Structure formats: structure tokens, C-alpha cells
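**Q** Just the structure for this:
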Amino acid sequence: MTATPERGSASLEFIFASVALLVPLVALTVTTSQIASATFAATTAARHGVRALTRAESTTDGWERVRAITSLAIDDHGLTDTTSRWELECSRRNCLQRGTLVSLTVHLDVPVRFVPALPGIDLASRVTVTRTATARVSLVSVNN
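**A** Residues are numbered from 1 along each chain as shown. Here you go, the predicted structure:
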């Protein structure tokens, strides 16, 4: 038997294996972090938005407050390219009447990054996060 000199390929194999495992792990971590941030932002927007809506003097004023609060929540959580929409449910015809229960549902569509476009595989490029909050219009409200 003859001894063959080592060529040092183990370190090169380790580098390639590390990159092949580390890149998907980082992509998964970033995606999970964005979805968690969207969850926190939607919760904040729903909770504070419904409170602001029930204390507004008009529905138009209330919706402006909800838009502003949602925008602040999205910005505070560092979400870019996120779209939002809202749904409002009231226990009475007039949403701002004293004692009315108001439910605000906030939907945030968050883009999913690092998802490859593979032929024949249709993966969602966005994840929708939905949160709902309910509040009662105060009995001492300025509204009727």
C-alpha cells in the first residue's frame, strides 16, 4: 500500500455543505419573522383601531383613524409591500350608537420572500394574516 497525500478537500466540502444548509435556514427565518411581525401589526391595528372607531364622532372620522393606526402599525413592525383591508360588523344599524358592539377585522397581505418559482408548482406569494377585535361604544359617548 502506498500512502496518498491528502488534498484538503474536506474543508471545501464543509463550506459547500454549510452554504447549502445555511441559505434555506436563513430564508425560512426571515419568512417566519415577517409573518410574526404581520401578526403583531394586525393585532395592534385591530385592537387600537376598534377603540378609535368607537370613540369617533362619525363613521368617516373613525375610518380615517383606522387607516392611520393600521399604517402606523405596519410601519412600526417594518413591513414593506404589505396591503391591508378591513371589515366592520356592528350589533346595530348605527355603528356609533351608544352601547353598540363593534367588531373590526384587519387583514394584512404579507409578501413571502425567498419562495422559488418552480414550474408546475403554484405556491402562494402572499400570506394573509387576519385579526379581529371587538369594543362597545361607550354609554357616555358623544353619539346618540
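**Q** So which residues of this structure form helices?
**A** Remark: helices assigned in the chain by DSSP state H are 9-54, 59-76.
**Q** Could you tell me the least trusted of these?
**A** Mean pLDDT is lowest for helix 9-54 among the helices of the chain, at a mean of 89.
**Q** Tell me what angle that helix forms with helix 59-76.
**A** 160 degrees (axes from the mean of the first three to the mean of the last three C-alpha atoms, to 10 degrees).
**Q** Can you name every helix or strand that helix 9-54 contacts?
**A** Taking 3 or more C-beta pairs under 8 Å, 6 or more residues apart in numbering; DSSP states H and E as contact, the helices and strands that helix 9-54 lies on are helix 59-76, strand 83-90, strand 101-111, strand 126-136. Using the backbone N, CA and C atoms, a C-beta is placed for each residue, glycine as well.
**Q** Can you give the strand pairings for the shortest one, parallel or anti for each?
**A** In other words, strand 83-90. strand 101-111 (antiparallel) (DSSP bridges).
**Q** And the partner strand, what's buried?
**A** Neighbour-count burial for strand 101-111 flags 102, 104-108, 110-111 (criterion: 16 or more other C-beta atoms under 10 Å).
**Q** Which residue is the nearest non-sequential neighbour of G62?
**A** Closest residue to G62 apart from its sequence neighbours, by C-beta to C-beta, 6 or more residues apart in numbering: A56 at 3.4 Å.
**Q** Centroid-nearest residue for the chain?
**A** A38 (1.9 Å; C-alpha atoms, centre = their mean).
**Q** Would you mind listing the residues in contact with that residue?
**A** 77, 79, 82, 108, 110, 127, 129 (C-beta atoms under 8 Å, 6 or more residues apart in numbering).
**Q** ok, 7 Å please
**A** Each residue near A38 by C-beta atoms under 7 Å, 6 or more residues apart in numbering is listed here: 79, 82, 108, 110, 129.
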